[in-house]
Structures are given as structure tokens and as C-alpha cells.
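> just to be clear, the model below is a prediction. Sequence and coordinates:
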Amino acid sequence: AQSVAQPEDQVNVAEGNPLTVKCTYSVSGNPYLFWYVQYPNRGLQFLLKYITGDNLVKGSYGFEAEFNKSQTSFHLKKPSALVSDSALYFCAVRDSISSGSARQLTFGSGTQLTVLP
Amino acid sequence: NAGVTQTPKFQVLKTGQSMTLQCAQDMNHNSMYWYRQDPGMGLRLIYYSASEGTTDKGEVPNGYNVSRLNKREFSLRLESAAPSQTSVYFCASSEAQVTSYEQYFGPGTRLTVT
């Protein structure tokens, strides 16, 4: 079975400072990893994904994420946070080798990011 | 392109009532999904349709049924609503290709069952 853990329910950071939102995962085979962002009363928006290749993945709005296979982590980062980055962030994983419903995305519980002016 | 659209945006039901949530996508995607979002629990998959003509259960299918009406439309039905089904429901779609597996989400339906 695949699973995702986002250990922090809430992350606060000052505007202009770097931010990190943590994610660890568990899958049977190679992982496909995703980050989504949700603004209030909106659906989820895709930010970035790791399928294969370079461990550092760049995505929308200046976000990036680093895949670390040995630590089974996929932390989301941004060098300089903006107040407009305040939102709910979800990490998701899909197993590359399972079949049926196990190949679907499994989401973490979400991390609320608040960027303070 | 409108992307993924959902109707209604809000709904209040009494226990035992039925309703259908509608979802449509205009991106020509093969796969469609229904999720529910509850505080502190992330998104949980209710049902999905890998392609037109097929549907499969996800993590939390009890109390729900689905219909993949055509390639564009995927509906979710609650036959006899229960307070435990109070949630925000999201529809999503994706291509089936590995390199473009990200899902695109609709704006959600906020359902309250009293």
C-alpha cells in the first residue's frame, strides 16, 4: 500500500524568507510524486511533479521540490516566500508498479502555509 | 477551455434524500475521479473511471454510485444521504499517460447533510 505523510499541519514563515513544506512517502516500486496547492474555496492546482530524472524539480510560481530516494522525501521549497503563497499544500504519490486502484494518487493530509508580511 | 466544471457549488440535503453531483471536462482526458475532502484527512478517492465505459471503487465508495456518461461527463450519486457524507466533493480528470499523470480539479461541491 502507498502512503504519504505531511508531518506539519501548519507552517508559518516571514515574507522574503525561504520556505519548506515537508513530505515523506511510502510505495512498493518507484514513486511518482506531486505537489498541489489549494486556495480558499477553490479546487487543487497542480504545482510540480517528479517522474524520473533530475532530483530537483522546478514548478509553477517559483516553487521547486527535491526528491530524495534514500530518505523517501519530496520536500517543497521556495527561496523567497510571498504573502500570496499562503494556501493549503498537498503532497501526493502514485506507485509505478501496482495495478487497479492502487495506481491512483494518494494524498497527504495537507499543510497550511501562512506567509506573514 | 473551462477545464473541469462541477454542479452544484453548494447543496444542503436532509438525511435520506438523494442527489447527483455532476462533473464535466473539456480537455479530452480519458480518466476521471471523484474525491471527498474532510478537514485533516486530505483527499480520499471515492470512485474513478480509467476510461469511458469503466468505473472502479476507490478508498471510500460506500454510500455512493457513479456513472461515466461519456468521455466528458462523470456523475456521483448519493442514494440516501447521511450526515457522515457532509464534505467537499471534488471531481478531477487526467490523461492516462505516465508522463502527464497530473490531475486537474474542478472547483468543488460543498455538501451538508442535516
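Received, thanks.
> what's next to stretch A:46-56, contact-wise?
Under the criterion CB atoms under 8 Å, 6 or more residues apart in numbering or on different chains, residues A:30-37, A:57-61, A:63-69, A:74, A:76, A:89, B:98-99, B:101-104 lie in contact with stretch A:46-56. The way it works is simple: take the backbone N, C-alpha and C, and place the C-beta from them, glycine included.
> right, I mislabeled it, should have said stretch B:52-68
Outside stretch B:52-68, the residues that touch it by CB under 8 Å, 6+ apart are A:100-101, A:104, B:30, B:32-34, B:36, B:44-50, B:70-71, B:74-80, B:82, B:84-85.
> ok, now which ones touch the residue nearest to residue A:95 when sequence neighbours are not counted?
The shortest distance from residue A:95 to any non-neighbouring residue, by CB to CB, 6 or more residues apart in numbering or on different chains, is to residue A:27 (4.3 Å). By CB under 8 Å, 6+ apart, the contact list for residue A:27 reads A:2, A:93, A:94, A:95, A:96.
> what count of nearby residues applies to the fourth one?
So that's residue A:95. Close neighbours of residue A:95, defined as other CB atoms under 10 Å in any protein chain shown, add up to 21.
> phi and psi next, for it.
When read as degrees, to the nearest 10, the backbone of residue A:95 gives phi -80, psi 140.
> before we move on, the earlier item: chain B: which of the contacts of residue A:27 is nearest?
Looking at the contacts of residue A:27 and their distance to chain B, the nearest is residue A:94, at 6.6 Å (CB to the nearest CB).
> wait, a strand at the closest one?
Yes: assignment of residue A:94 by DSSP: H, G, I helix; E, B strand; the rest coil places it within a strand.
> quickly list what it is bridged to.
Note on residue A:94: beta-bridge partners residue A:32, judged by DSSP bridges.
> check residue A:48 too.
On the basis of DSSP bridges, residue A:48 is bridged to residue A:35.
> quick one: it from residue A:69, how far?
Going from residue A:48 to residue A:69 by CB to CB, to the nearest Å gives 17 Å.
> likewise for residue A:24?
Between residue A:24 and residue A:69 the distance is 12 Å, computed by CB to CB.
> ditto for residue B:39
According to CB to CB, residue B:39 and residue A:69 sit 32 Å apart.
> wait, residue B:41 sits on residue A:109?
Yes: Residue B:41 is within contact range of residue A:109, at 6.0 Å (criterion: CB atoms under 8 Å).
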